[in-house]
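Student: Fold the following and give me the result.
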Amino acid sequence: MTDDRIVLINEEDNDAAAKKISALDKPPEFEPNDIYGITSGSFEHQEGEWKTTIKLKGDLCIYEASRPSGHFKKIIWKKGVGLVEYASGYGAHADGYRLKRVAKG
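Tutor: Alright, predicted model coming up:
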């Protein structure tokens, strides 16, 4: 994570990669496909058939990626809370899943 972006680190040793990145004077440039959250503005990216949009709505940051086959991924971050929803589906004739954070109490 940088001050204005949440990015995917997909290394063999994620802890070591995070420590290495945090020791740098400034974060490295990340690929558009690795951006999963923003703190301002909006973000769109298309790679092949996959179209990704990230937008802000109140205190939520909503990441949505999909392709025409029906495959999708949706991730929602809430300011001050963190990850509140993660969903993924695999198109026609396949199941997906949706994980949601619920408040106790």
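
Student: wait, doesn't Lys73 sit right on Arg67?
Tutor: No - assessed by C-beta atoms under 8 Å, Lys73 is found out of contact with Arg67, at 10.0 Å. The way it works is simple: take the backbone N, C-alpha and C, and place the C-beta from them, glycine included.

Student: ok, the nearest residue to Gly96 once chain neighbours are set aside - contacts?
Tutor: Distances taken as C-beta to C-beta, 6 or more residues apart in numbering put Gly89 closest to Gly96, at 2.9 Å, once the chain neighbours are dropped. Contacts for Gly89 (C-beta atoms under 8 Å, 6 or more residues apart in numbering) come out as Gly70, His71, Phe72, Asp95, Gly96, Tyr97.

Student: Any of those buried? List them.
Tutor: His71, Phe72 (16 or more other C-beta atoms under 10 Å).

Student: From Leu83, how far out is the residue nearest the centre of the chain?
Tutor: Geometric centre of the chain, nearest residue: Tyr36, 2.5 Å, by C-alpha atoms, centre = their mean. If you measure Tyr36 against Leu83 using C-beta to C-beta, to the nearest Å, the figure is 10 Å.

Student: No further questions, thank you.
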